[in-house]
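# sequence and predicted structure below; questions after.
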Amino acid sequence: MNFQPVHLPIRPPVKGFTLTELMFALAILTFTLVSIFGLLPIGIKSNQNSSEQTAAASLARSIVADLRATSKQASASPQYAIAFPSSAAILYFGEDCSLQNSPSTARYRVTATIQSASPMDLLNVRITWPAMASSNSAAGMYEVTTAILRK
């Protein structure tokens, strides 16, 4: 008896991923996406808060510049008509930082207080938002105190 060797065709190795590898990859992807989507609202809120703070700081700079530009003989500032001396002038500004007549259409409430002191006046500017909220229940606040030397 003469046996001849049987040659079976050799299959090339199959390329791909096993089910276990796919499950691990999907678990990692799911964890990553849930983490990213969980942080998204925090990032949006932080961005909104920084935008509000930037707008409030810009308003405060504008009011301080207006009062510093007021001559000593003038009884009110040229741009915002804040009277000297002022116990507490209240102004309302919209989202675009434009002066508003009514708090119902405004986003920001500005309280400017001037205390006369020789030779300088002390100015306190407090900006709160939303405009209709009281100082205690405001969503945000920006405050600055500075000295004004009018000439």
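Looks like it arrived, so ask away.

# what are the phi and psi angles of residue 20?
Dihedral pair for residue 20: phi -60, psi -40, per degrees, to the nearest 10.

# so what's the gap between the helix or strand harbouring residue 43 and the chain middle?
Assigned by DSSP states H and E, residue 43 belongs to helix 19-68. Relative to its chain's centre, helix 19-68 lies at 10 Å (Cα atoms, centre = their mean, to the nearest Å).

# which strands or helices does the helix or strand just after it pack on?
Tracing the chain C-terminally past helix 19-68 and defining elements by DSSP H and E, one meets strand 89-93 next. Other elements packing on strand 89-93 under the criterion 3 or more Cβ pairs under 8 Å, 6 or more residues apart in numbering; DSSP states H and E are strand 99-100, strand 108-116. For the C-beta atoms, the positions are set from N, CA and C on the backbone; glycine is no exception.

# in this protein, where is pLDDT below threshold?
1, 86 (pLDDT under 70).
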